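sequence? don't have it. structure:
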């Protein structure tokens, strides 16, 4: 009936009403000098889809975005960052006040130890870049977790479930989305993902290749179910 | 008068008629593994503007583009590449048949020596990336030059004219465009550039901050003047 359809839409629209959702998206850039840097092919599409869907479900959404060429979803508070360090600062700033935190950004895990102010002059022959670890943001969020529902992402080519279980436990996550980047059409820069969803309560869902918008809707549907379960 | 205006437009439209123009644009990406690479912030905007303007002046244009999110200018033959090696192969393929070659791509000058097929697992502590030089495409084009009019680009923060003169001679170029990337609004990812234009015949033009489309029109205007000078 029309009434139940409207009711359903109303329920949908308010699944995350009153919840503060923090989403991170995109890559980070780690400079060697003014014109050279290390990065990864993250397009930010997954995180932007999550922010858009969370907003559509009634949440108050903050989106911390690395350098990507995507428009801000309507009604979403966007904070732009470039480096892993800037991402760390912003995420930690918003973490305490968030109910749901979805870390879909592909933050660089290494950065050059030395950064040159000007453009480094090239010289013949090889050269060596000394890299150091950046701070592990997800680990820190897991360690500092209070009331937040914390969702991580990982991209792997093999042994998805195995690596997923390990990361879920090690980082003290509530759920993790494992993207299979060896599957054609899945992962970085595609509009679709093929994923496995794991929760700390032992839920296992295998999602076939679908649009990042549909995947975002599925993830948030699961999240809201889990949140209700935890509240009751 | 209307007639002279039409004449002028006709002359404009045919300044490069019958000429084959090869333009390179954008960055290249040099992989460390499946999800990590080394690159630079080139947006490809300058090269795409040059391709569009060359086409508007009647040339037959081939555009070899690194990974950028830009639409192909109408009527331009586009070839997409990712790495410095692929750029080298494609540029050398088209070089012989070209009359004007404008190398505005920001090709990586170093690449990781070792590339991992899968995603490298991180481990605690530092690590070292061994980098090796890529082939110097512009040097090779200069060395192999026959009838081609060869234009290089460089981005510098200081001593533009000094570095420009050196590069012009060393690489056997006909002209070079030196972008001042220390000037606000100029260079990578901006829509404007502030530049110095130098030719092997001693021409020196300083262009103030202007749109990349205007800069492209100025460069090609100069080029066509030089070509007429060389033909006569």
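That came through, no problem. All values reported here derive from a predicted model rather than from experimental measurement. Residues are numbered from 1 along each chain as shown, chains lettered A, B, ... in the order given.

Where does chain A get nearest to chain B, residue-wise?
Relative to chain B, the nearest point of chain A is residue A:129 (4.5 Å; C-beta to the nearest C-beta). In this view, the C-beta of every residue, glycine as well, is placed from N, C-alpha and C.

next SSE after the least confident helix or strand in chain A by mean pLDDT?
In chain A, no helix or strand scores lower on mean pLDDT, DSSP states H and E than helix A:2-13, which sits at a mean of 67. Sequence order places strand A:20-25 as the next helix or strand after helix A:2-13, per DSSP states H and E.

That next one close to chain B?
No - judged by C-beta under 8 Å from any C-beta of the partner chain, strand A:20-25 makes no contact with chain B; its nearest approach is 15.7 Å.

Please pull up the helix or strand immediately following that strand.
Next along from strand A:20-25, by DSSP H and E: strand A:30-33.

quick one: contacts of that following strand?
For strand A:30-33, the external contacting residues (C-beta atoms under 8 Å, 6 or more residues apart in numbering or on different chains) are A:37-39, A:83-84, A:108, A:110-112, A:115-120, A:129, A:134.

Just the terminal-to-terminal distance for stretch A:163-178.
With C-alpha to C-alpha, to the nearest Å as the measure, stretch A:163-178 spans 9 Å from end to end.

rewinding a little: residues in contact with the residue of chain A closest to chain B?
Contact partners of residue A:129, counting by C-beta under 8 Å, 6+ apart, are A:32, A:112, B:128-129, B:131.

quick one: secondary structure of it?
Put simply, residue A:129 is strand when judged by DSSP: H, G, I helix; E, B strand; the rest coil.

how close does it sit to residue A:229?
Applying C-beta to C-beta, to the nearest Å, the value for residue A:129 to residue A:229 is 47 Å.

And for residue A:63?
From residue A:63 over to residue A:229 the distance is 26 Å, taken as C-beta to C-beta.

Just want to know which of the two has more residues nearby.
Neighbour totals were compared for residue A:63 and residue A:229, and residue A:63 leads with 29 against 9 (other C-beta atoms under 10 Å in any protein chain shown).

If that one is in a bridge, with which residues?
residue A:23, residue A:78 (DSSP bridges).

hang on, it packs against residue A:53?
No - counting by C-beta atoms under 8 Å, residue A:63 does not reach residue A:53; the two are 11.7 Å apart.

Show me what from chain A comes close to chain B.
Within chain A, the positions near chain B by C-beta under 8 Å from any C-beta are A:29, A:34-41, A:69, A:106, A:108-110, A:113, A:118-119, A:122, A:124-133, A:155-158, A:181, A:188.

List buried residues within these.
Buried subset of the residues of chain A next to chain B (neighbour count, 16 or more other C-beta atoms under 10 Å in any protein chain shown): A:29, A:34-41, A:106, A:108-110, A:119, A:129, A:131, A:133, A:155-157, A:181, A:188.

and the end-to-end length of stretch A:124-136?
Stretch A:124-136 has its terminal residues 36 Å apart, counting by C-alpha to C-alpha.

for stretch A:35-49, that is, sorry about that
End-to-end distance for stretch A:35-49, by C-alpha to C-alpha: 30 Å.

thinking in terms of the whole chain, how far from its middle is that stretch?
Centroid separation between stretch A:35-49 and its chain, computed with C-alpha atoms, centre = their mean, to the nearest Å, is 11 Å.

Which parts of chain A are helices?
A:2-13, A:45-56, A:84-95, A:137-143, A:160-170, A:212-231 (DSSP state H).

out of those helices, deepest packed?
Mean neighbour count (mean count of other C-beta atoms under 10 Å in any protein chain shown) peaks for helix A:45-56 among the helices of chain A, with a mean of 26.

what does it contact?
Contacting residues not belonging to helix A:45-56 are listed as A:13, A:16, A:21, A:23-26, A:61, A:63, A:65, A:68, A:70, A:73-76, A:100, A:102, A:104-105, A:153, A:189, A:191, A:193, A:211-213, A:215-217, A:219-220 [C-beta under 8 Å, 6+ apart].

Now, of those, which are buried?
With burial judged by 16+ other C-beta under 10 Å, the buried subset of the contacts of helix A:45-56 is A:16, A:21, A:23-26, A:61, A:63, A:65, A:68, A:70, A:73, A:76, A:100, A:102, A:104-105, A:153, A:193, A:212-213, A:215-217, A:219-220.

how close does the residue lying farthest from the centre of chain A get to residue B:110?
Each residue of chain A has a distance to the centre, and by C-alpha atoms, centre = their mean the biggest one is for residue A:124: 40.2 Å. Residue A:124 sits 11 Å away from residue B:110, going by C-beta to C-beta.

okay, and the common contacts of those two?
Contacts common to residue A:124 and residue B:110, judged by C-beta under 8 Å, 6+ apart, are residue B:133.

these two touch, right, residue A:83 and residue A:107?
No - in terms of C-beta under 8 Å, residue A:83 does not count as a neighbour of residue A:107; the distance is 9.1 Å.

Give me the more crowded residue out of the two.
Set residue A:83 next to residue A:107 and count neighbours by other C-beta under 10 Å: residue A:107 wins out with 25 against 20.

Show the contacting residues for that one.
Counting by C-beta under 8 Å, 6+ apart, residue A:107 has contacts A:24, A:27-28, A:66, A:84, A:87, A:134, A:137.

Recalculate using a threshold of 6 Å.
With contacts defined as C-beta atoms under 6 Å, 6 or more residues apart in numbering or on different chains, residue A:107 is in contact with A:28, A:84, A:87, A:137.

Could you do residue A:164 as well?
Counting by C-beta under 6 Å, 6+ apart, residue A:164 touches A:176, A:178, A:198.

which regions of chain A lie under the pLDDT threshold?
The model of chain A has pLDDT under 70 over residues A:1-3, A:5-11, A:118-122, A:187-189, A:230-232.

list the contacts for the residue minimising distance to the centre of chain A?
Central residue check for chain A by C-alpha atoms, centre = their mean: the C-alpha nearest the mean position is that of residue A:104, 1.0 Å away. Contact analysis of residue A:104 by C-beta under 6 Å, 6+ apart lists A:25, A:46-47, A:153.

Same question for residue A:63.
Going by C-beta under 6 Å, 6+ apart, residue A:63 touches A:23, A:51, A:76, A:78.

go on, residue A:127?
Applying C-beta under 6 Å, 6+ apart, the residues contacting residue A:127 are residue B:131.

cutoff 7 Å now
By C-beta atoms under 7 Å, 6 or more residues apart in numbering or on different chains, residue A:127 lies in contact with B:110, B:131.
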